[in-house]
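> Have a look at this fold, sequence not included:
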């Protein structure tokens, strides 16, 4: 059980998401590169969105907490030791007191199954310092290296490369092609991937992304034949984050997933 | 096709270049302004353009625009913008460098390979920025190049004057009256009677020099040539007269010192230095009266009669809704630029602003009288001129001298008698040989053509103007018993002969006394076009025959008594007779040199206001425009007017003329000279403008003459006629990117005026237009002449009405046209009606045209701009018929898929 203010209820089901918004100004330039700026980690925001299944009594108590007893106030979320619930990412742990601002995203609604239970979606924004937490010892699980984190698993669905050849073609009404070419130096490549990690690798990877990578160049090494940026480009790579938001989903026990967008430098 | 766009922003730091910062694409240029150069992406071989600055799609669609719906016009500013990254604090970097982007020239370049080609030109507007992006909007420089070509002096706006104007307004730019400087203290020392402002005349040195007595010892430094200084006869003899003082001299006299002053023109009434009530007392004042028609050199002053140049301006005041002729000699041309007048310093009434005006016109011809007798001329009194018979042409004798006198005569260089030159003369010489001792008389007789009466003047009196010398070895005598002078001037009004009846001749004589060896002269210095410096003694100083029969002066002696405007206008011609008495036997010679004959019209006293007017040919080029023009030529052709103003306006070069924008030509003018040279449009335009903003003037020229003015990709001014040409492009669906976006815009009835009118001939006195062309009754079935007023070209009048009639049937609406369509500011002078007629015809045939919009591709329309001639043929929207169009708006999207939006007017 976790304690949320004056309430206690079970930890949320797996599948909850944690969104980390870094204050990065990331900008695509016309030559296919990106320009970046980092306001600093002190302006990072972490938001957890959880679904709770509550009894009528618990639902009433939660509503009362949000609308009455703690209305407009921060609430302390207390996680027992090794709770398995990592509300603000695997790198911030599952134990201790987290001060949060809570908001009901969707009003609790009664369910058929489980019967007479309410399902409510709650958004929690961390507003205080995080409880002390030591990253766990990494457990290797693959041959993919991302930054300083090695032995990561390959992405689930491999990669979604987008090789942009900067040649435009449009057609007049009689299908005459109108080509305009910016030249080969205007070509560029990006990719997206969905990275699965165990808890230790997820914590390490997230810590690396948040603490080190940010707007910096990231070395990336894939085994042969993976072609994360398409056939034109082979490992090793130097990449940059092309999104200031990292979203991680705690999919199951010891299993996290990251959605990453990368720009090949 | 490889296409990459680049943006260049040119700083104004040539004299003190900013620190180069290639990381943000800021490059120094040797001996020139630094530049930001940003390119969409890197291109092989291009090293001094910075990629990675422009954000994705950061160069927004940019346009060139012009609105041709109402006919001729100047282009609009267009629009565009570029957004660059601000993640590296671009704003702070340029702020630290002191760079302000607003107003800097922005150029868009296209790289087809590694060579940039300038494609468009704009100026930066106010930028905005956030954490990520720095956006710089830009537009054409049309709104930032406006400058005023007029100027100000002493808070008075001096107009800009172009072309040949019947009346150009001169505004008073200097208007001072200082009566406090020339006190007794001024001439002596500061403490001695500073309250004394009038001084007694104590010596009449000469007709132009007088001495006045001071109270105390004079300051010897007060002698010299004073500026704008006048003497006013304050009391005593000559009271009320005003003359310009040209010299002060200090005379140290025992007792009170004296000042001797010299006046420019002699006084009409002599002063008195007698110690009684007649003594003249004088006051000295400083008076400034300057008038300017322009601050730019002008071509010529013109004669109102025929528009030819004259060195002596004809001047007018404006009152009672008309221009009134004032003295030609009340003002002098101030300098060689023909754009300023200064008061002449003479011819005043009792006030500096009241002119005692004279118009003096030379005769128009001079010839020997050749009639059989002199019966057509009445000499006055009982003298029977019919008894005098022609001996040879120009010489007449009484009936007694036949066979006793042999005479011959000739008139040489007759035209010199009316050339307004003081030194050239017509010479009339006769010789006669008297065979016995009897007293014989003969008459030398000339006739002359009279100048036209100055209809626009209020003439009060008429005088005969003359400068002449005669040398004869025979003294004059009086014929018969009439006390006529030996020289007679007369004017025939009426003459015909009825059989058996006497001829009646009515004449007016100027009484010119004098002997045979004489000088007769009554013209002022400023009548002559060459330099004459006699203080106009002969004009003002009356010197009658009873003083010296051989020297006659003073215009008042030569009054044509009884003459009025009505009488003058019935004069047929003038005559001048020289009566000689051959008093001894032998051979005699008699020579008369006629330097000038004229009619002096004395006008009613004119009150001179803050404006005076004169026929004028306005601004000259004052520059050759790189060998294409003659500096001294008048600017009157519409293309030259437009080019001149283009060269005066602020352009994008950093080189401002020393006198400032609008006041002299740009050092590096941006003008497409070929465009101007190719324009074949022959009108003589004219106009005077007190509001001289360049863009307003250019727009009015374009509207008045159906011209279009725009800038090419180099930023150079171009001009073209608003007419159908030969399109190089034909647009079909093969050239259109999306046929669903083709749009036809029909005429707007609010822009159609089926019964228009045009105002022209602007009256610079009243500010209103004096003439109008007007179309009426366009709903009638058939044309009638009375439906178009003011248009003298009947074919054009009918064409105008028919065009309006057709429109009237379509729009069923009659609107009041706005003044920017009706008022022609440049239709003045000789070509005014032709300009107005052609403008009206162009207007009525142009209005009501449709417009079309369609999207095409940069690969097709890259070279298109304003005024590109294109044909369009669409199966649906033009029913497969070819329509000629003239582009008004081209919007280029420099990002994929590089479409180009086109808006054009369908001709």
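Yes, it's here. Since we're looking at a predicted model, the values are computed, not measured. Numbering: from 1, shown residues only, chains lettered A, B, ... in the order given.
> can you pull out the strands in the stretch 1-150 of chain A?
A:2-4, A:7-9, A:17-21, A:24-28, A:34-38, A:45-54, A:75-79, A:96-110, A:118-126, A:144-146, A:149-152 (DSSP state E, counting those that start in this stretch).
> What about residue B:841, how many residues nearby?
Using other CB atoms under 10 Å in any protein chain shown, residue B:841 is surrounded by 20 other residues. For the C-beta atoms, the positions are set from N, CA and C on the backbone; glycine is no exception.
> For it, give me phi and psi.
Dihedral pair for residue B:841: phi -60, psi -40, per degrees, to the nearest 10.
> And the contacts of the host helix or strand of residue B:316?
For residue B:316, the host element (DSSP states H and E) is strand B:315-319. Residues outside strand B:315-319 that contact it (CB atoms under 8 Å, 6 or more residues apart in numbering or on different chains): B:167, B:323-328, B:330-331, B:341, B:456, B:606-609, B:611-614, B:765-766.
> Show me those residues that map onto strands.
B:167, B:323-326, B:331, B:341, B:606-607, B:611-614 (DSSP state E).
> From those, pick the one nearest residue B:260.
Using CB to CB, residue B:331 comes nearest to residue B:260 of those, at 27.9 Å.
> The closest one against residue B:344, yeah?
Yes: with contact defined as CB atoms under 8 Å, residue B:331 counts as touching residue B:344 (5.7 Å).
> circling back: of the contacts of strand B:315-319, keep whichever come out buried.
Taking 16 or more other CB atoms under 10 Å in any protein chain shown as the criterion, what is buried in the contacts of strand B:315-319 is B:167, B:323-328, B:330-331, B:341, B:606, B:608, B:611-614, B:765.
> Which ones among those also lie next to chain A?
Among these, not one lies near chain A by CB under 8 Å from any CB of the partner chain.
> buried set for stretch B:783-797?
Across stretch B:783-797, burial judged by 16+ other CB under 10 Å covers B:783, B:787-788, B:790-791, B:796-797.
> In helices, which of those fall?
Among those, the ones falling in helices (DSSP state H) are B:796-797.
> Turn the buried residues of stretch B:783-797 into TSV, columns for distance to chain A.
Shown next, in TSV, are the buried residues of stretch B:783-797 (distance: CB to the nearest CB, whole Å):
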residue	distance to chain A
B:783	46
B:787	48
B:788	47
B:790	51
B:791	48
B:796	44
B:797	47
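> Of all pairs in the buried residues of stretch B:783-797, which one is the farthest apart?
By the measure CB to CB, B:783 and B:790 form the most distant pair in those, at 15.6 Å.
> With adjacent residues omitted, what lies nearest to the residue in the stretch 651-800 of chain B positioned nearest to chain A?
Taking CB to the nearest CB, chain A has its nearest neighbour within the stretch 651-800 of chain B at residue B:733, 4.1 Å off. Spatial nearest neighbour of residue B:733, chain neighbours left out: residue A:173 (4.1 Å); criterion: CB to CB, 6 or more residues apart in numbering or on different chains.
> residue contacts, that neighbour?
The neighbours of residue A:173, taking CB under 8 Å, 6+ apart as the test, are B:733-734, B:736-739.
> And for residue B:166?
Counting by CB under 8 Å, 6+ apart, residue B:166 has contacts B:304, B:615, B:828-829.
> Repeat that for residue A:41.
With CB under 8 Å, 6+ apart, residue A:41 has these contacts: A:22, A:210-211, A:214.
> For these, could you give me JSON lines that also reports neighbour count?
Listed next are those as JSON lines, based on neighbours: other CB atoms under 10 Å in any protein chain shown:
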{"residue": "A:22", "neighbour count": "23"}
{"residue": "A:210", "neighbour count": "18"}
{"residue": "A:211", "neighbour count": "11"}
{"residue": "A:214", "neighbour count": "20"}
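> Tabulate those (a markdown table), appending pLDDT.
Listed next are the contacts of residue A:41 as a markdown table, based on pLDDT from 0 to 100:
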| residue | pLDDT |
| --- | --- |
| A:22 | 96 |
| A:210 | 95 |
| A:211 | 95 |
| A:214 | 95 |
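> Tabulate the contacts of residue A:173 in JSON lines, adding columns for neighbour count.
Listed next are the contacts of residue A:173 as JSON lines, based on neighbours: other CB under 10 Å:
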{"residue": "B:733", "neighbour count": "16"}
{"residue": "B:734", "neighbour count": "14"}
{"residue": "B:736", "neighbour count": "22"}
{"residue": "B:737", "neighbour count": "21"}
{"residue": "B:738", "neighbour count": "14"}
{"residue": "B:739", "neighbour count": "15"}
